[in-house]
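Student: Sequence and predicted structure are below.
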Amino acid sequence: MDQQKAPPLIEFRKVCKTYHMGDTVVRAADHIDLSIYEGEFVAIVGKSGSGKSTCMNIIGCLDVPTSGDYLLAGRNVGEMNKNELAEFRNEKLGFIFQQYNLLPKLSVLDNVAVPLMYAGKNRRERREIALHALDSVGLADKTRNLPSQLSGGQQQRVSIARALANNPSVILADEPTGALDSRTGREVLDLLRSLHAAGNTVVLITHDNSIAATAERVIRLEDGRVTFDGPADSPASGVHKEEVVGQ
Amino acid sequence: MKISESFVLALQNIRASKARAFLTMLGIIIGITAVMVIVGIGNGMEGYMRSMFQGLGTNTLTITMTGSGSSRELSVDDIQAIVDKNSSLFTALSPTVSMRGTVKVGSESLSSTSTTGVGEQYTTIKGYDLEQGRNINYVDIVARNRVCVVGNYIDDIWFSGRSVGQTLRIAGDKFTIVGVLDQQEDEMDEGGSDDMLLIPYSTAARLSGQGKPSSYTVMLADEDQTDFASDLLEQELYELLRSENAYRVSSMSAVLDTMTEMIGVVITVLAVIAGISLVVGGVGIMNIMLVSVTERTREIGIRKALGAKERYILSQFVIEAAVISALGGIIGIVMGFGLSSVATVAISTLLEVEMAVTPTIQSILIAFGGSAAIGIVFGYLPARKAALLNPIDALRYD
């Protein structure tokens, strides 16, 4: 495990996040400590309400912890202002959403180019990089189509191309197969695995144990706490057993 | 991200919903068109009046004797003395005596013909040229000759162009035609400026029993000195008459100035009222932009997740509003020109008045700048709302 000698890419230090819902205080993240290193493929798994969405928002720099520190690539995200967060998201993170979240009025190529535009790349560079990213997900022939003209699996591949485009440090996939049938879901997971194989750090957030089993490492959350953190093939991860049950 | 990218985004969005963008622009289009046409009409009216007044002579002053307030009555020689004394200011003088009384050629009555008793310099002052014959001269005035110079209309219609030497009757007295004036108007009409007679003022004064002429026309050497010359005349007249009520000095250019000012006020008021529709149009833009921000909440969330800073979202929406508004402005300007041409044709055919409705460059620039500014002002609030959206909530928005 020599990779763990380097400083972690993602580091949670006693991260807490509380929400006020009327009079009640919801503790969505309760003193979470975790470290994810460069090149890992981690699944954060948990039921609805376990705090995994909160974790994903914090990892994705969409939200900041109420207390505790979150360090991404050595920088304390909690101390950043909104502009710096936006810049950091653009630079460090590639998002893959359950609902693809493509912009419906833009062509596939323009969709992939959106993060590049915010990165300040000029039109020619954007086109070149976006074409390359689409080629890498096997959609080089669909660049001029609108998202609505593609199948769900193809749309998700576009969103993967978009996540890859700006060469991020972390690819953050939030239920990437949630809206897909099992076969295309499998294809998307294969794509994520190949991205990991190519050296990318992939964080997969899911409620589905069978999907979590795709990853190398599983972090299980329950009620805002980490209840398991270890290799996916460990019996205690709980992901294999349920996969069998699920099938 | 450059500002030009925001323009590209704005244009993409407008192209994606053309009908809505057009309807949003409509208020601005109507407002700009209205302002342009109204200012154009004002401009046309001013030009028309100016040309009309120039025909009447803006380089002249008119002295009117009211006959009240003073025991003294001034003679033509008194006025002539004032004019001669200030020959650097005044270049010509003519008494004018208007005559009532029917003009008859043979047994036909010319009911709309005007008859004016004038001095020998009257044609110079008015810029009339003689087509045939001679002008009224000094001898005619001294001898109170019954001679007249006729307008081209009378010569043409009643004497078939051979009026010199013929006679006509004014209030029963026989006058010999000695000259014919050049045509004044493009189309000669009954009652127009070509349908008139000039006779010696002395003859007119005697026949109408007025004694001394009650009004004088003075020509100025320099139009710009109207005010000064007018003051000087009043002063001289006061010296002689010792009463401010006994005389009145008026100038066409002063009347023209007053009229122009009045038209200016009316047009400004109308333009402001039309301008209110621009504000209404602006509110319409704000309304649609607010709807658009709500509709595009998810898009905003996605853009923010992908690294859009607040100011990028802000500029995207502000520029979209400004572009919609400015496009409306451009369409409005084009329509304003179109409608101005239509109005020009309509006015000349319906009213038979040559009045060109010409929008001014200033009004176009103000209209365009104003429409873009309205877009920015009214687009700012919705854009700010968009920029401040929380990306997590925005991403979850359905």
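Tutor: Noted; the coordinates are in hand. Residues are numbered from 1 along each chain as shown, chains lettered A, B, ... in the order given.

Student: Return the set of buried residues in the longest helix seen in chain A.
Tutor: Criterion DSSP state H: the longest helix present in chain A is helix A:182-197. Under the neighbour-count criterion of 16 or more other CB atoms under 10 Å in any protein chain shown, helix A:182-197 has A:Thr184, A:Gly185, A:Glu187, A:Val188, A:Leu189, A:Leu191, A:Leu192, A:Leu195, A:His196 buried. The way it works is simple: take the backbone N, C-alpha and C, and place the C-beta from them, glycine included.

Student: So the residue nearest to the first one when sequence neighbours are not counted versus chain B, what's the distance?
Tutor: Going back to what we said before, that points to A:Thr184. Using CB to CB, 6 or more residues apart in numbering or on different chains and skipping residues adjacent in sequence, the residue nearest A:Thr184 is A:Gly153, 3.4 Å away. Using CB to the nearest CB, to the nearest Å, A:Gly153 is found at 19 Å from chain B.

Student: tilt between the helix or strand containing A:Gly153 and helix A:182-197?
Tutor: Assigned by DSSP states H and E, A:Gly153 belongs to helix A:152-165. Angle of helix A:152-165 versus helix A:182-197, following axes from the mean of the first three to the mean of the last three CA atoms, to 10 degrees, is 20 degrees.

Student: now for helix A:152-165, which elements pack on it?
Tutor: When contacts are defined as 3 or more CB pairs under 8 Å, 6 or more residues apart in numbering or on different chains; DSSP states H and E, helix A:152-165 sits against strand A:93-96, helix A:108-118, helix A:123-136, strand A:170-174, helix A:182-197.

Student: Tell me if the shortest one is near chain B.
Tutor: To tie it back to what came earlier, the one meant is strand A:93-96. Yes: for strand A:93-96 and chain B, the contact criterion (CB under 8 Å from any CB of the partner chain) is met by A:Phe95.

Student: neighbouring strands for that strand, and are they parallel or not?
Tutor: Sheet pairing of strand A:93-96 (DSSP bridges) gives strand A:170-174 (parallel).

Student: pLDDT on the partner strand, on average?
Tutor: Averaged over strand A:170-174, pLDDT sits at 92.

Student: And B:Lys85, its phi and psi?
Tutor: As for B:Lys85, its main-chain torsions (degrees, to the nearest 10) stand at phi -60, psi -30.

Student: cool, the one 4 residues further on as well?
Tutor: Backbone torsions of B:Leu89, given as degrees, to the nearest 10, read phi -90, psi -40.

Student: Pretty sure it sits against B:Leu232.
Tutor: Yes: B:Leu89 is in contact with B:Leu232 according to CB atoms under 8 Å; the separation is 6.8 Å.

Student: mind giving me the domain ranges of chain B?
Tutor: What automatic domain parsing lists as the domains of chain B is B:3-54+B:258-396, B:97-210.

Student: out of those domains, which comes closest to chain A?
Tutor: Of all the domains of chain B, domain B:3-54+B:258-396 sits nearest to chain A, with 2.3 Å by CB to the nearest CB.

Student: does the longest helix along chain B come close to chain A?
Tutor: The single longest helix within chain B, with elements called by DSSP H, is helix B:252-295. No: figure legend: helix B:252-295 not in contact with chain A (CB under 8 Å from any CB); closest approach 11.1 Å.

Student: So which other helices or strands are in contact with that helix?
Tutor: helix B:18-56, helix B:226-241, helix B:310-350, helix B:361-387.

Student: Quick one: work out the angle between the longest one and helix B:361-387.
Tutor: Looking back up the chat, that one is helix B:310-350. Using the same axes, to 10 degrees, the direction of helix B:310-350 lies 150 degrees away from that of helix B:361-387.

Student: try the second one
Tutor: Our comparison of helix B:226-241 with helix B:361-387, counting by the same axes, to 10 degrees, yields an angle of 130 degrees.

Student: For helix B:226-241, what is the distance to the chain centroid?
Tutor: 29 Å (CA atoms, centre = their mean, to the nearest Å).

Student: tell me the pLDDT at residue 34?
Tutor: Went with chain A since none was named. Per-residue confidence (pLDDT) for A:Leu34: 91.

Student: um, chain B though
Tutor: Model confidence at B:Ala34, given as pLDDT, is 90.

Student: What residue, apart from its backbone neighbours, is nearest it spatially?
Tutor: Per CB to CB, 6+ apart, closest to B:Ala34 is B:Ala274, 3.7 Å.

Student: Quick check: that neighbour touching B:Ile41?
Tutor: No: judged on CB under 8 Å, B:Ala274 makes no contact with B:Ile41 at a distance of 11.1 Å.

Student: which one of those two has more residues nearby?
Tutor: Taking neighbours as other CB atoms under 10 Å in any protein chain shown, B:Ala274 and B:Ile41 compare with B:Ile41 leading, 22 against 19.

Student: Pull up the distance across stretch B:340-358, start to finish.
Tutor: The first residue of stretch B:340-358 is 7 Å away from its last residue (CA to CA, to the nearest Å).

Student: What residues does the stretch 201-350 of chain B have near chain A?
Tutor: Within reach of chain A by CB under 8 Å from any CB, the stretch 201-350 of chain B has these residues: B:298-299, B:301-312.

Student: any chance of those residues in TSV, with secondary structure, neighbour count and pLDDT too?
Tutor: Output for those, formatted as TSV (DSSP: H, G, I helix; E, B strand; the rest coil; neighbours: other CB atoms under 10 Å in any protein chain shown; pLDDT from 0 to 100):
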residue	secondary structure	neighbour count	pLDDT
B:Arg298	helix	17	91
B:Glu299	helix	23	92
B:Gly301	helix	23	93
B:Ile302	helix	25	93
B:Arg303	helix	26	93
B:Lys304	helix	28	93
B:Ala305	helix	25	92
B:Leu306	coil	27	92
B:Gly307	coil	26	91
B:Ala308	coil	25	91
B:Lys309	coil	21	92
B:Glu310	helix	16	92
B:Arg311	helix	13	90
B:Tyr312	helix	22	90
